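# Provided below for reference: sequence and predicted model.
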Amino acid sequence: MGSLKDSVTLVTGASRGIGRAIALRYAQEGAAVFIADLDLEGAEAVAAQIRASGGSAEACRTDIGEPKESAAMVARAADRFGRIDVMVNNAGVIRVATLLDLTPEDWDYNNDINARGLFFALQAGARQMQSQPLRGSGQGAGLRGKIINIASIAGRIGRPMFVAYAASKAAAISITQSAAGALAPEITVNAICPGIVDTEMWRKIDREWTASDGRAPGEAWADRIRSIPMGRPQTPEDLTGMAVFLAGPGSDYITGQSYNVEGGLVMS
Ligand SMILES: NC(=O)c1ccc[n+]([C@@H]2O[C@H](COP(=O)([O-])OP(=O)(O)OC[C@H]3O[C@@H](n4cnc5c(N)ncnc54)[C@H](O)[C@@H]3O)[C@@H](O)[C@H]2O)c1
């Protein structure tokens, strides 16, 4: 069995893209996976795929923009599987706009989910983890759980076309640090900062960006991926190694960190 045998994991936004890849990898590593997404049909399909391979999974519809729904999601996962060892706050959104055109609605669209929604989902997960017994991995007193936030390299370096999104992801990095301090030593909180990943999110970015500056569809994507030192676009699966590491015992002494996994775009 894999490195997450006997772990219970919850992944938000896991009906597609990065969240789906992490959910499938966690299942391969032996974890039970609770899949939460706005898109219930997509979430059910991922859960069915895991169960068909002999794993344990359940799906639920959740809007993490509503703190009460996040609390209900956590309660349902804990009720179904008994505890939550690992929570991945992956659900996120983006809307592209130039700085001068950005509206208050654009600002709220990005920040209500990526910052406010992420925080209240994390809070619900942390409350559940605090109520769980410690689990040991051999070193120290053990942990009650691990939280992994999916931020972005846009949270490290401002992006002119994604001002509100970049601010929301900088908030996700900051929340990771604050929560790590608040929840230590029993719960670890870390973040992963992906780069330019081939998912629906980037197809939306490309549509909105090229519509605003007159480039042909596909050109925003092509221009951005040309600058990746590793020489190819990132796939959702490229994030799964770090997601497994941060969920497993090898990262028990790591908290408050945000790791770039982006093919060398941001060398820091
Ligand atoms: N694609 C990239 O290049 C990239 C780069 C850096 C960071 N990220 C981040 O990675 C995460 C996943 O991105 P992706 O590329 O897989 O995006 P995606 O759009 O393909 O998938 C996002 C998923 O989140 C779900 N979701 C959206 N709003 C939700 C809500 N309110 N409640 C519950 N679920 C919701 C969607 O239904 C979808 O399944 C996001 O946080 C994103 O900001 C993506």
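Good, I have the coordinates.

# can you list the weak-confidence ranges in this structure?
1, 137-138 (pLDDT under 70).

# next helix or strand past the helix or strand containing residue 128?
Per DSSP states H and E, residue 128 falls inside helix 118-130. Sequence-wise, the next helix or strand downstream of helix 118-130 (DSSP H and E) is strand 145-150.

# where along this protein do the helices fall?
17-28, 40-52, 67-81, 104-111, 118-130, 163-183, 200-213, 219-225, 240-247 (DSSP state H).

# how long is stretch 259-267 from one end to the other?
11 Å (Cα to Cα, to the nearest Å).

# give the buried residues for it.
259, 260, 261, 262, 263, 265 (16 or more other Cβ atoms under 10 Å). Placement of C-beta: from N, CA and C, glycine included.

# ok, the nearest residue to the third one once chain neighbours are set aside - how many residues close by?
Same thing as residue 261. Across the structure, with Cβ to Cβ, 6 or more residues apart in numbering as the measure, the residue nearest residue 261 apart from its sequence neighbours is residue 242 (4.9 Å). Other residues within reach of residue 242, judged by other Cβ atoms under 10 Å, total 19.

# wait, residue 242 sits on residue 191?
No - the pair residue 242 / residue 191 is not scored as a contact, 10.1 Å apart, by Cβ atoms under 8 Å.

# coming back round to it: what would the helices of the chain look like in a markdown table with distance to residue 87?
Listed next are these as a markdown table, based on distance: least, Cβ to Cβ, whole Å:
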| stretch | distance to residue 87 |
| --- | --- |
| helix 17-28 | 11 |
| helix 40-52 | 16 |
| helix 67-81 | 8 |
| helix 104-111 | 21 |
| helix 118-130 | 4 |
| helix 163-183 | 11 |
| helix 200-213 | 21 |
| helix 219-225 | 30 |
| helix 240-247 | 10 |
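
# any chance of these in a markdown table, with distance to the ligand too?
Formatted as a markdown table, the helices of the chain follow (distance: least, Cβ to the nearest ligand atom, whole Å):
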| stretch | distance to the ligand |
| --- | --- |
| helix 17-28 | 2 |
| helix 40-52 | 6 |
| helix 67-81 | 8 |
| helix 104-111 | 9 |
| helix 118-130 | 8 |
| helix 163-183 | 7 |
| helix 200-213 | 3 |
| helix 219-225 | 9 |
| helix 240-247 | 11 |
